[in-house]
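Q: no FASTA, just this:
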């Protein structure tokens, strides 16, 4: 079995039913399958895409994302979803690293696509607006022969070295995660999943796209997030039943006026830790469960979730999903007892094959069959897990991983910078925001806004430091390492 076959079987079973709702438009399973198959044939005939090739998707949320995704699978290629907030230089790095042959995009991204070749990317593009021009497939689709062990998706995660690395997920990895999520969420073909988070994100791709389309459910694709009442209107209009989102949205939902016959049966919080205060607010005002889950791109991505029917434990990431094993281990790989703190480690059919062309990074992440998450936590006597810290300096901005080192490398390129350190500071809307501390070379004066603009030209907007603090010198320990703990204390005091 592979993802192309799994979707084809679902689409043939649910042909006339709505697969995607987009404002007042509805796209049936028949329509989406037809588009996917036509694109598969086009990629094979016109772009000479072969099984195992990499095809990138640089798209904003749109209905065409779904047939484009399955169209790539049908051609036998591996999908490389790219964050649509990235700048051309960042996208070019990913395209070159995975040696993508084609990038699928849309007209709103035209300016960025036009800059890819000047940035060094040797790749051809195809716009989803051209779906109506595609004819019916005239040849067998090579992707239908792909095995579960074959590569399906490469998801790039920010690297601590300043460059992102691609987590390789097989068809089997993703199919197993979809099936585990189907079981724990009790998802059926009458469920309608609200899609408001970016579809390129691993959480949304698995839970918001693959899961509903493989079980025969529907996507309620939100056209506009602002004002928030637009989301509520879409939920009510299309009778949505399941809402995956990041914690900050659930505070907004808890404070919204919702009708008594509100159709949602379940809310899932992912992408970032769910603050206990938000959970309490939600439970006080909403009659439906809000369950927190945990995952990472390297695990396809869902690892654990609070039980659908309870008990729900505030601050807990829940129990492992079916088929997945989670332990807490020390640095030598010894499994620790409940209550003891160590690194959260994951084992199961959802764990990635490794990082694309990064054997050393793969060896660091996979130890004796266990995926080392880099998150520190513990397990309680009832088998619930808790995350208490992060080994890495990763920030979570709107549920998207951001690594300070990448930002620091850009700041160091600004004239007059002597030292730079980036930390995360709490933000009520975005979860966290990057904040930079810098010192300058003697006799140099820099403007905060000028430095922020410099970073904005090189990196996605959400990576730009919210504040820049200029200091005579940054605190360091005896070995010369910058003490970020001291900087964090300075922010909180």
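A: Nice, thanks for sending it over. This structure is a prediction, so every number in the text was calculated from the model and none was measured. Numbers count the residues shown, from 1 in each chain.
Q: ok, residue 5 - contacts?
A: Residues near residue 5 by C-beta atoms under 8 Å, 6 or more residues apart in numbering: residue 144. Placement of C-beta: from N, CA and C, glycine included.
Q: In a helix, it, correct?
A: Yes: assigned with DSSP: H, G, I helix; E, B strand; the rest coil, residue 5 falls within a helix.
Q: On the pLDDT front, check residue 388 for me.
A: As predicted, residue 388 sits at a pLDDT of 80.
Q: Let me know how buried it is, in neighbour terms.
A: By other C-beta atoms under 10 Å, the residues close to residue 388 number 11.
Q: how far away is the residue sitting furthest away from the middle of the chain from residue 52?
A: Largest separation from the mean C-alpha position in the chain: residue 443, at 43.2 Å (C-alpha atoms, centre = their mean). Distance, residue 443 to residue 52, using C-beta to C-beta, to the nearest Å: 56 Å.
Q: Give the rounded mean pLDDT of the helix or strand that contains residue 439.
A: Assigned by DSSP states H and E, residue 439 belongs to strand 431-440. Strand 431-440 shows a mean pLDDT of 94.
Q: Repeat that for stretch 405-420.
A: Mean predicted confidence for stretch 405-420 is 90.
Q: in that stretch, what's buried?
A: The neighbour-count check on stretch 405-420 (16 or more other C-beta atoms under 10 Å) flags 405-411, 414, 417, 419-420 as buried.
Q: do stretch 79-97 as well
A: Residues 79-95, 97 are the ones in stretch 79-97 that count as buried (16+ other C-beta under 10 Å).
Q: Let me see the ranges of the helices in the stretch 51-200 of the chain.
A: 65-74, 88-98, 110-114, 171-185 (DSSP state H, counting those that start in this stretch).
Q: Give me whichever of those helices is most buried.
A: Counting by mean count of other C-beta atoms under 10 Å, helix 65-74 has the highest mean neighbour count of the helices of the stretch 51-200 of the chain, with a mean of 28.
Q: And that one, how far out from the chain middle?
A: 18 Å (C-alpha atoms, centre = their mean, to the nearest Å).
Q: what does stretch 485-493 give?
A: Using C-alpha atoms, centre = their mean, the offset of stretch 485-493 from its chain centre is 29 Å.
Q: In it, which residues are buried?
A: Buried, per 16+ other C-beta under 10 Å, within stretch 485-493: residue 487.
Q: picking up where we left off before, quick one: residues contacting the residue farthest from the centre of the chain.
A: With C-beta under 8 Å, 6+ apart, residue 443 has no contacts at all.
Q: Let's verify it: helix, strand, or coil?
A: coil.
Q: How confident was the prediction at the closest residue to residue 288 other than its chain neighbours?
A: Spatial nearest neighbour of residue 288, chain neighbours left out: residue 264 (5.5 Å); criterion: C-beta to C-beta, 6 or more residues apart in numbering. Looking at residue 264, its pLDDT is 97.
Q: helix, strand or coil for residue 264?
A: Per three-state DSSP, residue 264 ends up coil.
Q: dump the residue contacts of it.
A: Counting by C-beta under 8 Å, 6+ apart, residue 264 has contacts 194, 235, 240-243, 288.
Q: can I get those residues in a markdown table with secondary structure, distance to residue 321 and pLDDT?
A: Formatted as a markdown table, those follow (DSSP: H, G, I helix; E, B strand; the rest coil; distance: C-beta to C-beta, whole Å; pLDDT from 0 to 100):
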| residue | secondary structure | distance to residue 321 | pLDDT |
| --- | --- | --- | --- |
| 194 | strand | 21 | 98 |
| 235 | helix | 25 | 97 |
| 240 | coil | 22 | 98 |
| 241 | coil | 20 | 98 |
| 242 | strand | 15 | 98 |
| 243 | strand | 19 | 97 |
| 288 | coil | 20 | 93 |
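Q: For residue 320, state which of those is nearest.
A: residue 242 (20.4 Å; C-beta to C-beta).
Q: how near is that closest one to residue 232?
A: 15 Å.
Q: Between those two, which has more neighbouring residues?
A: Between residue 242 and residue 232, counted using other C-beta under 10 Å, the more crowded position is residue 242 (22 against 19).
Q: Now do the contacts for that one.
A: Going by C-beta under 8 Å, 6+ apart, the list of residues near residue 242 reads 185, 187, 191-194, 264-268.
Q: Can you say which of the residues you listed are buried?
A: 185, 187, 191-194, 264, 266-268.
Q: Reformat the residues you listed as a markdown table; add distance to residue 255.
A: Below are these laid out as a markdown table (distance: C-beta to C-beta, whole Å):
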| residue | distance to residue 255 |
| --- | --- |
| 185 | 25 |
| 187 | 28 |
| 191 | 26 |
| 192 | 24 |
| 193 | 23 |
| 194 | 18 |
| 264 | 16 |
| 266 | 19 |
| 267 | 14 |
| 268 | 19 |
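Q: Tell me the one of those residues nearest residue 205?
A: Nearest member of the buried ones among the contacts of residue 242 to residue 205, counting by C-beta to C-beta, is residue 193, at 11.9 Å.
Q: Show the pLDDT at that closest one.
A: According to the model, residue 193 carries a pLDDT of 98.
Q: May I ask you to name the longest helix in the chain?
A: Scanning the chain for the longest helix, with DSSP state H as the assignment, gives helix 29-46.
Q: What is that helix packed up against?
A: Under the contact criterion of 3 or more C-beta pairs under 8 Å, 6 or more residues apart in numbering; DSSP states H and E, helix 29-46 touches helix 3-13, strand 18-22, helix 65-74.
Q: Output the below-cut-off pLDDT ranges for the stretch 51-200 of the chain.
A: In the predicted model, the stretch 51-200 of the chain carries pLDDT under 70 at residues 118-119, 158-162.
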